[in-house]
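Trainee: Structure, please.
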Amino acid sequence: MKTDSRVKIAPSLLAADFSHLHDQIRQLETAGVEWLHLDIMDGHFVPNISFGPPVIASLRLETKLFLDTHLMIDDPDRHLQAFREAGSDCITVHQEACPHLHRTVTRIRELGAKAGVAINPATPVSTLREIAGELDLILIMSVNPGFGGQRYIPGSAEKLREARELIAKTGKHILLEIDGGIDAQTAPEAARAGANVLVAGTSVFRQGNIAKALKLLEESISRRTSEKQK
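Mentor: As a prediction, this is how the structure comes out:
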């Protein structure tokens with residue numbers, strides 16, 4: 001999908017209509033989307049339960065989209081291999097759920113997946129200082145995880161800027177992702193603050209026309225980015 005050359009939109013499957021999933025995935029592909037964001041919830045680390053490896057395995061047969069798998073679960077180490085074998089291309093775990101984070105990240109990479117770490121709104125970026133250089137992706141939560149359709153938390157842009165500075169210090173190419181409340185109003189701010197992967201659920205799947213919703217996001221990012229450069 002063509003937005004700002006640095007930015008990918010990763011639609012979140014959590015907001016999709018599962019009774020028409022085949023059609024909705026085809027619409028995403030036709031619109032030029034490259035990533036599909038998969039929110040995995042266990043009812044413990046977050047209040048809700050979503051889906052697991054069997055659904056991802058079915059998706060892998062359905063599409064070649066990059067499967068960006070976000071584990072909002074306790075004890076993710078027990079399940080890393082299952083998610084990788086199901087077809088996950090990137091596996092992101094929560095810093096708050098991993099007492100031995102370096103070991104977890106190492107295992108994800110050993111399995112052949114990209115490794116990401118997410119932090120909740122109340123968790124400072126500084127907690128990633130020791131692990132940042134080992135990562136492929138950092139995910140900043142701009143809502144408290146566990147529910148779709150929440151409102152973007154003000155101040156998330158500042159955390160993105162801090163994370164972008166941390167990434168720069170590593171000297172490595174690490175993607176910076178944001179998840180929560182991303183729409184045509186908040187996406188430009190997130191992109192300006194340094195995010196280059198924007199997770200969008202409700203604003204893509206719940207607007208009645210997926211292609212139109214994606215185009216609106218794309219145009220909002222491009223327009224605001226152009227305004228900043230003037």
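
Trainee: What residues sit buried inside the top helix by length along the chain?
Mentor: Determined from DSSP state H, the single longest helix within the chain is helix 210-229. For helix 210-229, the neighbour count (16 or more other C-beta atoms under 10 Å) marks 210, 213, 214, 216, 217, 218, 220, 221, 222, 224, 225 as buried. In short, each C-beta sits where N, CA and C put it, glycine included.

Trainee: hmm, which helix or strand of the chain has the shakiest average pLDDT?
Mentor: Here the helix or strand of the chain ranked lowest by mean pLDDT, DSSP states H and E is helix 210-229, holding a mean of 81.

Trainee: quick one: the spatially most central residue of the chain and residue 45, what's the gap?
Mentor: Nearest to the geometric centre of the chain sits residue 199, at 4.9 Å (C-alpha atoms, centre = their mean). For residue 199, the distance to residue 45 equals 18 Å [C-beta to C-beta, to the nearest Å].

Trainee: likewise residue 118?
Mentor: Distance from residue 118 to residue 45, by C-beta to C-beta: 11 Å.

Trainee: Compare neighbour counts for these two and give me the winner.
Mentor: residue 118 (23 against 18; other C-beta atoms under 10 Å).

Trainee: In a strand, the more buried one, correct?
Mentor: Yes - checked against DSSP: H, G, I helix; E, B strand; the rest coil, residue 118 lies within a strand.

Trainee: What's the local residue count around the nearest residue to it once chain neighbours are set aside?
Mentor: Once flanking residues are discounted, residue 118 sits nearest to residue 139: 3.7 Å by C-beta to C-beta, 6 or more residues apart in numbering. For residue 139, the count of nearby residues is 28 (other C-beta under 10 Å).

Trainee: Helix or strand next in line after the strand or helix carrying residue 139, which one?
Mentor: Per DSSP states H and E: residue 139 is located in strand 137-141. Next helix or strand after strand 137-141 toward the C-terminus (DSSP H and E): helix 156-170.

Trainee: Partner strands of the helix or strand following that following helix and their direction?
Mentor: Counting by DSSP H and E, the next helix or strand C-terminal to helix 156-170 is strand 175-179. Paired strands of strand 175-179, with direction, are strand 137-141 (parallel), strand 197-200 (parallel) (DSSP bridges).
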